[in-house]
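Asker: okay, sequence plus prediction incoming.
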Amino acid sequence: MSPTDPNEETLKGWRRFEELLREFYVAPYRRTFGRARRDQDDLFMLMVFAESLGVPNPVGWYTLELMPLLYEQFHDWHRRMGLEHSPLDDIRCC
């Protein structure tokens, strides 16, 4: 058995301290960060599907290729927006 390097143990201790410090500062705001991220994601979904919902979208041509990537998340999104059934005729998720 080789003895452990004291510098390595000190480095592990500092890394653990850094993790605990980060958790101490981030934990109270985790819900707020999550809500802000969800709001940004909802706005992005609206921008992608706006043309399909009948809302004029100046970037509709550029977001058209993103629609197939977001179809899986569409059901959760329209439920969060308060729409019981899918507002789009071509997407039947409910």
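Answerer: Okay, I see it. Here the structure is a predicted model, which means the values were calculated and not measured. Residues are numbered from 1 along each chain as shown.
Asker: contacts for the helix-or-strand element of the chain with minimal mean pLDDT next, please.
Answerer: Ranking every helix and strand in the chain by mean pLDDT, DSSP states H and E puts helix 60-63 at the bottom, with a mean of 80. For helix 60-63, the surrounding residues in contact (Cβ atoms under 8 Å, 6 or more residues apart in numbering) are Met47, Val48, Ala50, Glu51, Asn57. No exception for glycine: its C-beta is placed from N, CA and C like everyone else's.
Asker: so for the next helix or strand after that helix, mean pLDDT?
Answerer: Toward the C-terminus, helix 60-63 is succeeded by helix 67-80 as the next helix or strand (DSSP states H and E). Confidence over helix 67-80 (mean pLDDT, whole number) is 82.
Asker: numbering from 33 from now on, please.
Answerer: Sounds good: first residue 33 from here, last item helix 99-112.
Asker: CA atoms of helix 99-112 as CSV?
Answerer: These are the backbone C-alpha positions of helix 99-112, laid out as CSV (Å, rounded to 0.1, in the frame of the first residue of the first chain):
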residue,chain,number,x,y,z
MET,A,99,-40.8,21.8,-35.0
PRO,A,100,-40.1,18.0,-35.4
LEU,A,101,-37.6,18.2,-32.6
LEU,A,102,-40.1,19.8,-30.2
TYR,A,103,-43.2,17.6,-31.0
GLU,A,104,-42.5,15.4,-28.0
GLN,A,105,-42.6,18.4,-25.6
PHE,A,106,-45.7,19.9,-27.2
HIS,A,107,-48.2,18.1,-25.1
ASP,A,108,-46.6,19.3,-21.8
TRP,A,109,-46.4,22.8,-23.2
HIS,A,110,-50.0,23.2,-24.3
ARG,A,111,-51.2,21.7,-20.9
ARG,A,112,-49.1,24.3,-19.0
